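*Asks:* Here is a sequence with its predicted model. Questions after.
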Amino acid sequence: MARFEPIAVARPGADKVSLVTCKSYDDYSAAELAAQLDFNPYSFLHVLNPAYVNQQKIGLEKRFKLVAQKYADFKADGTLITDPESAFYLYRIESKHGTFQGIVGGCSVEDYRSGVIKQHEDTLQYRVELFKDYLHQTRFNTEPVLIAYEQSAAFSEKLEQISSTEPIYRFSTPQKDTHTLWKIAQAEVVAEIQQYFAKQKKLYIADGHHRSASADLLEKQYANEQPASSLFLSFLIAEQDIKIFEYNRIIRDLAGLTEEDFLREIEKHFWVTNKGKELYKPEQKYHFGMYFKQSFYKLQFKNPFDLQTIEEKLDAHILYRYVLNPILKISDLRNDERIDYIPGKQSITTIKEVIDEGEYEVGFLLYPSSITEIKELADHNFIMPPKSTYFEPKFRSGLIIYEL
């Protein structure tokens, strides 16, 4: 039984929403970030990075306090408005990756602790504590946890009825995405949504494992100090509507192997087909692409029936177990500087280009995991290898701000 609650938020005025909202801070290159900060005074990036010119010269605590101050400035000058009435928000994103629609509200920290909200990724404690400290200092969050749920036909129809009404926002972005937001404050509709999710036995975190862990840690910190927030900002979307991309791997060297020895080792566990200049990307599970010495290869795993657990059957785990670790001597997927990752939403030519430039020796392309795999993994308390999945949609920062 899941608890999902309406929340009171701050948000941009309708006349400025397209100027205020932005991509996630990490999605900007240095040049893009500088351009936004130099030429768009309304961008929420000014809140997220208020001291970008000298950010390396100040400590984290001071930076977080500057974020809080800039956020207060945005509210004081009317760029952001307070919407104190608790509500759900229906949010639709239309992008080149598809159309995504879900509900924004507050999920329960207790559901996260008890396992009603399931996880499939591990977290790094220093990142959890860092974001907890950020939340503590700034007192707001605009990065919801992306959570998958099972959607019935009747509930889908209910959301379509809501989306036929007048939205509070409809705007486009420089990425040519269209964003639409509806406020759901009518008591009977709010109650229907709460009752629907109260019948859900499990919810699944897609993206935001560190954010949910930080919310849990923050509530524990506040338990003996002040009234704790038992909710964390969440974006719930039907599981069939989430787009899952793979993370592809690029490796700097062959760990001392010759070209011939490397291919010979690969052939022990994979059927290898040289595709030459053909841009090859795997089209099914247990198939892998490889770009090496200006040629693409198809790698087909020889023994899938020998794999027993859902963890062993993951393509990312197969690549690690039979290639990255034993052949290329990469044991730490998070911290080994010889490996980097490219999300599958980027063109296959990106891998070709970075390897042809000479900094990397070989690249591997994976077939994306399914939501069924992710749910089964979470249900059995298994953890995916690092950088296994990249999820769409991505939420616009500054669109909805939940104050703690």
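*Replies:* Here it is on my side, so go on.
*Asks:* For residue 186, see how far away residue 161 is.
*Replies:* Distance of residue 161 to residue 186, computed by C-beta to C-beta, to the nearest Å: 12 Å. For every residue, glycine as well, the C-beta is placed using N, CA and C.
*Asks:* What separation do you get for residue 265 and residue 403?
*Replies:* Applying C-beta to C-beta to residue 265 and residue 403 gives a distance of 55 Å.
*Asks:* Show the residue spans covered by the helices in the stretch 51-200 of the chain.
*Replies:* With helices called from DSSP state H, counting those that start in this stretch, the stretch 51-200 of the chain shows them at 60-76, 109-114, 125-138, 153-163, 187-198.
*Asks:* could I get those as TSV with mean neighbour count and mean pLDDT?
*Replies:* Compiled in TSV, those are given as follows (neighbours: other C-beta atoms under 10 Å; pLDDT from 0 to 100):
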stretch	mean neighbour count	mean pLDDT
helix 60-76	16	93
helix 109-114	17	95
helix 125-138	17	94
helix 153-163	13	96
helix 187-198	14	97
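*Asks:* closest to residue 364 out of those helices?
*Replies:* Nearest to residue 364 among the helices of the stretch 51-200 of the chain is helix 125-138; the distance by C-beta to C-beta comes to 25.6 Å.
*Asks:* Give me the angle between the closest one and helix 60-76.
*Replies:* Relative orientation of helix 125-138 versus helix 60-76 (axes from the mean of the first three to the mean of the last three C-alpha atoms, to 10 degrees): 40 degrees.
*Asks:* neighbouring contacts of helix 125-138?
*Replies:* With contact meaning C-beta atoms under 8 Å, 6 or more residues apart in numbering, helix 125-138 is reached by 60-61, 64-65, 67-68, 71, 141, 210-211, 213-215, 217-218, 221, 404.
*Asks:* Please report the distance of the residue nearest the centre of the chain from residue 245.
*Replies:* In the chain, the C-alpha nearest the mean C-alpha coordinate belongs to residue 207, at 3.8 Å (C-alpha atoms, centre = their mean). Distance of residue 207 to residue 245, given as C-beta to C-beta: 11 Å.
*Asks:* try residue 394
*Replies:* 11 Å.
*Asks:* Flag the shaky bits of this structure, pLDDT-wise.
*Replies:* Counting by pLDDT under 70, the ranges of the chain that qualify are 51-57, 224-229.
*Asks:* Mind naming the longest strand for it?
*Replies:* strand 80-95 (DSSP state E).
*Asks:* Now do the strands in the stretch 301-404 of the chain.
*Replies:* Taking DSSP state E, counting those that start in this stretch to define them, one finds strands in the stretch 301-404 of the chain at 339-343, 362-365, 389-392, 401-403.
*Asks:* Which residues does the second one contact?
*Replies:* Residues lying outside strand 362-365 but in contact with it, judged by C-beta under 8 Å, 6+ apart, are 246, 248-251, 254, 262, 280-282, 288-292, 319, 323, 342, 344, 348, 351-352, 354-355.
*Asks:* at 6 Å instead, please
*Replies:* Contacts with strand 362-365, where a contact means C-beta atoms under 6 Å, 6 or more residues apart in numbering, come from 248-251, 281, 288-292, 319, 351, 355.
*Asks:* Okay, and which of the residues you listed map to helices?
*Replies:* In helices, judged by DSSP state H, the following of those are found: 319, 351, 355.
*Asks:* Same list, these, but as a markdown table with distance to residue 237 please.
*Replies:* Below are the ones in helices among the contacts of strand 362-365 laid out as a markdown table (distance: C-beta to C-beta, whole Å):
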| residue | distance to residue 237 |
| --- | --- |
| 319 | 28 |
| 351 | 29 |
| 355 | 35 |
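*Asks:* and residue 122, how many neighbours does it have?
*Replies:* If you count neighbours by other C-beta atoms under 10 Å, residue 122 ends up with 13.
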